[in-house]
Each structure stands twice: as C-alpha cells, then as structure tokens.
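K.L.:
when you get a sec, could you give me coordinates for this:
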Amino acid sequence: MVMTEERITETTDSAGNTHTTHTVVSDGANRSSGTNWAIILLVLVVAIVGIFFLSQMNNAEVAKDNAIAGAADQVGNAAGQVGEAAQNAGNAVEDAVAN
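P.N.:
Below you'll find the model as predicted:
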C-alpha cells in the first residue's frame, strides 16, 4: 500500500501578495502487475532449467553405472575364458605325460 500526502503551503510577502505551493509526497512507487508477472515467469524458467540439468546429470550417472557394469561383465567373461584355456592346457599336459 502506497501512502500519498499532499502539502499546501501559503506564504505572504511584505507587499501582501499570497503565494501557494502544492507538494505531493509519496512513500514509494507502485509496482505494476506486469513486473510481478515477469518475476514469476523468471522464477519458473529458472526452476525448469534446474530440473532439466538435474535430470541430465541423473541420466549421465545411469549411463556411467551401465558402462561400469558392462566392463565388469566383460572382465568376468575374459576370466572365464582364461580358466577354460588353463583347464585345456592342463588336460593336454596330462595326455602328453600319459602317452
């Protein structure tokens, strides 16, 4: 709420002439509703951008976790192949010694 006060000052000079001065004093300016809407819109845009970036960071975390899981699976498969190769080599040595 804006308070406005009107002050009227009357002065009389030595010749008897009267002069009147009007002064309007206000304690603040009105803010238009357009400014309020602009601020609300700005806050909304910032919130949407923030949510977008948070979701992108979450997607990046999921992709990183999936890549790590895939690499671990490949390491596990390679270890299995090394184990099979060692078993085959052991069997070949036993066959060579037995013959």
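
K.L.:
where are the low-confidence patches of the protein?
P.N.:
1-2, 28-33 (pLDDT under 70).

K.L.:
point me to the helix or strand that includes the most centrally placed residue in the chain.
P.N.:
With distances taken as Cα atoms, centre = their mean, the residue of the chain nearest its centroid is residue 50 (2.5 Å). Assigned by DSSP states H and E, residue 50 falls within helix 33-98.

K.L.:
coming back round to it: next, work out how far apart the residue nearest to the centre of the chain and residue 24 are.
P.N.:
Remark: distance between residue 50 and residue 24 (Cβ to Cβ, to the nearest Å) = 44 Å. In this view, the C-beta of every residue, glycine as well, is placed from N, C-alpha and C.

K.L.:
repeat for residue 48
P.N.:
From residue 48 to residue 24 the distance is 43 Å (Cβ to Cβ).

K.L.:
next: residue 59.
P.N.:
Relative to residue 24, and taking Cβ to Cβ, residue 59 is found at 59 Å.

K.L.:
over to residue 3?
P.N.:
11 Å.

K.L.:
overlap in contacts, those two.
P.N.:
Residues touching both residue 3 and residue 24 (Cβ atoms under 8 Å, 6 or more residues apart in numbering): none.

K.L.:
about what we covered before: separation between the residue nearest to the centre of the chain and residue 37?
P.N.:
Distance from residue 50 to residue 37, by Cβ to Cβ: 20 Å.

K.L.:
over to residue 26?
P.N.:
From residue 26 across to residue 37, the span is 23 Å (Cβ to Cβ).

K.L.:
over to residue 19?
P.N.:
Taking Cβ to Cβ, one finds residue 19 at 45 Å from residue 37.

K.L.:
and residue 11, by the same measure?
P.N.:
46 Å.

K.L.:
and for residue 65?
P.N.:
42 Å.

K.L.:
cool, and residue 17?
P.N.:
Per Cβ to Cβ, residue 17 is found 52 Å from residue 37.
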